[in-house]
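S.K.: My questions concern the predicted model and sequence given below.
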Amino acid sequence: MTPSKKKRPTLQDIADRVGATKMTVSRCLRDPETVSKGLRERIFSIAEQIGYIPNRAPELLSRATSHSIGVLVPSLTNQVFADVIVGIEAYTEPAGYHLMLSHYGYSPELEERSLASLLSYNVDGVILSDRDHTPRSLRMLETAGIPIIEIMDTHRPPIQQAVGYDNLKAAYDMVTEMIRRGRRNVVYLAVRLDERTLQRETGYRQAMEAHGLTPVTLQSSQRSSYSVGAALMQEVQRDYPATDGVFCTNDDVAVGAYFECLRRKVRVPQQMAIAGFHGHDVGQAMTPRLASVVTPRQAIGEVAAESLLARIRGEPLTQRMVDLGYRIEVGKTL
């Protein structure tokens, strides 16, 4: 039996609390300048307190299933999330569910706005790609009363359910392997500084300190790319000439670092070990094959979609944390 959606706060609920008419509240939310500043502030304050979500779907749909699933990803250009979406669609399409996709550029505030938009269409469930959310996002999710799955991370407890792998442990294992092979001056190359990047940095630091070595992180706030990887490797060569290995937050950065080593005639792996993260095709197809933490991106999408659909059908939540693990691929660059 399909569960009915939780009753959401309405315009009338806001109106009753504020002491205004439903029409005034509706007009304020559409065009705030049409009401006085004091009333406007009270209306928006109450709307946020009760987790009000605008309803763009017909009233009948708000009480039934929409056969749509909201998917929020931080990037549409990152191959990681392209693979995840392929996995999600492998289950949602045959089941007759439509994906409503939105991206938020690694910004919790933009995620909040995107989430409000998706929820306003009464999606039956949502798949989120991060664990950190704004207070308003959390209130909206609670108000929506629908199944929620967070993907790509199992290190921290989820809102309801998580599907992914432990980023901290994966980084620790890769850096430990680099150290085991004789590297002593390993630098971490980071971009974006999102939660997963920071977890990998923690794993890197723990591995270095466990062996009495000094951790060094170089970072860029730019979008991940080969060019950023090359630029970070230039910094390594200029500022840390004793470096004998780099652990990169993803394969784009690692491949860019490798190209810069080629340009500078720095031999890999003899003079410089390079490791990436995710095991993308480009790194596994290049010569020498890139060392990388291979993550199950498509499987994460498949398991997340399968679990979400089961819960939409009313099946109980039996496993809050689904850890699909990872594989350390040593390649030929260590």
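M.R.: Arrived safely, thanks for sending. Numbering: from 1, shown residues only.
S.K.: need the next SSE after the worst-scoring helix or strand of the chain on mean pLDDT, C-terminal direction.
M.R.: One helix or strand of the chain scores below all others by mean pLDDT, DSSP states H and E: helix 59-62, with a mean of 45. Next in sequence after helix 59-62, counting helices and strands by DSSP states H and E, comes strand 68-73.
S.K.: Report all helices and strands that that next one contacts.
M.R.: When contacts are defined as 3 or more C-beta pairs under 8 Å, 6 or more residues apart in numbering; DSSP states H and E, strand 68-73 packs onto helix 79-92, strand 98-103, helix 108-120, strand 125-128. For the C-beta atoms, the positions are set from N, CA and C on the backbone; glycine is no exception.
S.K.: what angle do that strand and strand 98-103 make?
M.R.: Using axes from the mean of the first three to the mean of the last three C-alpha atoms, to 10 degrees, the direction of strand 68-73 lies 20 degrees away from that of strand 98-103.
S.K.: partners of strand 68-73 in the sheet?
M.R.: strand 98-103 (parallel), strand 125-128 (parallel) (DSSP bridges).
S.K.: Of these, flag the one that's most buried.
M.R.: Across the strands paired with strand 68-73, averaging neighbours per residue (mean count of other C-beta atoms under 10 Å) puts strand 125-128 on top, at a mean of 25.
S.K.: so for that one, what's the average pLDDT?
M.R.: For strand 125-128, mean pLDDT rounds to 97.
S.K.: residues in contact with that strand?
M.R.: Residues outside strand 125-128 that contact it (C-beta atoms under 8 Å, 6 or more residues apart in numbering) are 69-72, 88, 111, 115, 118-119, 141, 144, 146-151, 304-305, 308-309, 311-312.
S.K.: Measure how the helix or strand following that strand sits relative to helix 108-120, angle-wise.
M.R.: Sequence-wise, the next helix or strand downstream of strand 125-128 (DSSP H and E) is helix 135-144. Helix 135-144 and helix 108-120 meet at an angle of 20 degrees, taking the same axes, to 10 degrees as the criterion.
S.K.: where exactly do the helices run in this protein?
M.R.: For the chain, the helices defined by DSSP state H occupy 11-18, 22-30, 37-49, 59-62, 79-92, 108-120, 135-144, 167-180, 195-210, 226-239, 251-264, 281-285, 297-312.
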